[in-house]
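**Q** No sequence on hand, only this structure:
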C-alpha cells in the first residue's frame with residue numbers, strides 16, 4: 001500500500017467488512033466497528049482543524065502567499081469532506097445492506113485484519129511521533 005487516501009479508505013472498508021462479518025461470533029466486534037468509525041471521523045476533524053490553523057498562522061506571518069494558502073485550505077477541506085462522506089455512508093448502511101456492498105471481504109481473515117489494524121494505527125499521529133519521543 002502506497003499510503004494514499006484511497007488505499008487507506010480501502011483498508012478501512014476491508015477492516016469494517018471483517019468486523020461486520022464476524023459480529024455473529026463475537027458481539028464485542030459491534031462496539032469495535034462503531035469505535036473505529038467514530039475515531040476515524042474524529043481524526044479527520046482534528047487533522048482538518050490543525051491544518052487550517054497552521055495555514056492561518058503562516059498566512060498571518062507571511063501575507064504574500066495568501067492566494068496559494070487559500071487554495072491549499074480548499075484542498076484540505078475537500079479531502080476532509082470526502083473522508084467524512086465515506087464514513088457517513090458506512091454509518092448509514094444497515095448491516096444487512098452492508099453485506100451486499102462488501103468488496104473482497106472474504107479474503108480478509110483474522111491475520112489480515114490484525115495487519116490492517118497495525119498499519120492504520122501506525123498512521124496515527126502518536127505512532128508517528130513515538131520515534132521522536134524515544135530518541136529524545
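**A** Sure thing, it's come through. Everything quoted here is computed from the prediction, not taken from an experiment.
**Q** mind listing what's buried in whichever strand or helix holds residue 33?
**A** For residue 33, the element it lies in under DSSP states H and E is helix 28-62. Neighbour counts over helix 28-62 (16 or more other C-beta atoms under 10 Å) mark 29, 32-33, 36-37, 40-41, 44, 48, 51-52, 55, 59 as buried. Any C-beta I mention is one placed from the backbone N, CA and C, and that applies to glycine too.
**Q** and which of those is nearest residue 76?
**A** Distances from those to residue 76 were compared by C-beta to C-beta; the smallest belongs to residue 51, at 4.7 Å.
**Q** give the contact list for that closest one.
**A** 73, 76 (C-beta atoms under 8 Å, 6 or more residues apart in numbering).
**Q** After the helix or strand of the chain with the lowest mean pLDDT, which helix or strand is next?
**A** The helix or strand of the chain with the poorest confidence is helix 95-98; it has a mean of 50 (mean pLDDT, DSSP states H and E). Following helix 95-98 in sequence order, the next helix or strand is helix 110-122 (DSSP H and E).
**Q** which strands and helices sit next to that next one?
**A** Judged by 3 or more C-beta pairs under 8 Å, 6 or more residues apart in numbering; DSSP states H and E, helix 110-122 is in contact with helix 5-21.
**Q** For the helix it packs on, give the mean pLDDT please.
**A** The pLDDT scores in helix 5-21 average 86.
**Q** Count the neighbours of residue 87 for me.
**A** 19 (other C-beta atoms under 10 Å).
**Q** Quick check, it in contact with residue 40.
**A** Yes: under the contact definition of C-beta atoms under 8 Å, residue 87 touches residue 40, with a separation of 5.9 Å.
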